[in-house]
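Colleague: Sequence and predicted structure below; questions after.
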Amino acid sequence: MKSKIKKCISSSVENFTRIFDDRDILDQIERIVLLCIERYKSDNKILFCGNGGSAADAQHIAAELTGRFYLNRSPLYAEALHVNSSYMTAVANDLGYTETYSRILEACGRKGDMLFGLSTSGNSPNVVRALQKANEIGLTTIGLTGISGGEMNNICDFIIKVPSDDTPRIQEAHILLGHILCQLIEEEMFPNA
């Protein structure tokens, strides 16, 4: 059993090392962080969407931004679009699951806001549709995916493709990226907190 545990840990460390060594990914992270800071300073909001584990990751990152990460500071507006279960089930039932995120985005998204779409494959139909709607409205779109990027390659303003096709390793990296985002936004926006 211990050898299997070590193999799981080793696989995760190898994935993080590939990210650490990838200058393009590091450059993308930096650009995205700076843009988030700019948008927050312009009173915009950051929205997140995903399915299953990616929905949990979306909610986790949004909570760190709105609540706190390391610092006791003012809240930053961030929301995971799936948190209203009555809305999600009504729209999924009446209009189809593909419309769940795009419809609420049409109601709350504004030009200048940002939408992060999390999908390990890059092909989740409701996330892809939300990113398309976000582009129509004028939001900046960011995709967090696995190595292929899927359909999200062609519709995101920025995309970070975790260099793996292993879903758990991709999701671990998405949380790492989310934590980096939260930490750097906090440090830059609240230097005296």
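Modeller: Noted; the coordinates are in hand. Numbers count the residues shown, from 1 in each chain.
Colleague: which residues in the chain form strands?
Modeller: 46-49, 78-80, 114-118, 140-145, 158-161 (DSSP state E).
Colleague: Pairing partners for the first one, with directions?
Modeller: Which is strand 46-49. Paired with strand 46-49 in the same sheet, following DSSP bridges, are strand 78-80 (parallel), strand 114-118 (parallel).
Colleague: Helices of the protein, start to end?
Modeller: Across the chain, reading from the start of the chain, the helices by DSSP state H fall at 2-21, 23-41, 53-66, 85-94, 100-108, 125-137, 167-189.
Colleague: Give me the helices and strands touching the fourth one, please.
Modeller: This points to helix 85-94. In terms of contact count using 3 or more C-beta pairs under 8 Å, 6 or more residues apart in numbering; DSSP states H and E, helix 85-94 is assigned the packing partners helix 100-108. For glycine as for every other residue, the C-beta is placed from the backbone atoms N, C-alpha and C.
Colleague: got it, and the fifth one?
Modeller: For helix 100-108, the elements it packs on are strand 46-49, helix 85-94, helix 125-137, judged by 3+ C-beta pairs under 8 Å, 6+ apart.
Colleague: Now find how far off-centre that helix is within its chain.
Modeller: The gap between the average C-alpha position of helix 100-108 and the chain average comes to 16 Å, counting by C-alpha atoms, centre = their mean, to the nearest Å.
Colleague: can you give me the mean pLDDT across that helix?
Modeller: In this model, helix 100-108 has an average pLDDT of 97.
Colleague: Which residues outside that helix are in contact with it?
Modeller: Residues outside helix 100-108 that contact it (C-beta atoms under 8 Å, 6 or more residues apart in numbering) are 47, 49, 79, 81-82, 84, 87-88, 91-92, 95, 115, 126-127, 129-130, 132-134, 137, 139.
Colleague: For it, buried residues please.
Modeller: Judged by neighbour count using 16 or more other C-beta atoms under 10 Å, the buried positions of helix 100-108 are 100-105.
Colleague: Quick check: which of the helices and strands packed on helix 100-108 has the most neighbours on average?
Modeller: Among the helices and strands packed on helix 100-108, judged by mean count of other C-beta atoms under 10 Å, the one packed with the most neighbours on average is strand 46-49 (a mean of 27).
Colleague: Off-centre distance for that one?
Modeller: Offset of strand 46-49 from its chain centre (C-alpha atoms, centre = their mean): 7 Å.
Colleague: before we move on, what about stretch 98-114?
Modeller: On the basis of C-alpha atoms, centre = their mean, stretch 98-114 sits 15 Å off its chain's mean C-alpha point.
Colleague: Quick check: bridge partners of the residue nearest the centre of the chain?
Modeller: Taking C-alpha atoms, centre = their mean, the centroid of the chain lies closest to Phe116, which sits 4.0 Å from it. Each beta-bridge partner of Phe116 is listed here: Phe48, Ile142, as defined by DSSP bridges.
Colleague: So it is in contact with Ile61, correct?
Modeller: Yes - in terms of C-beta atoms under 8 Å, Phe116 counts as a neighbour of Ile61; the distance is 7.5 Å.
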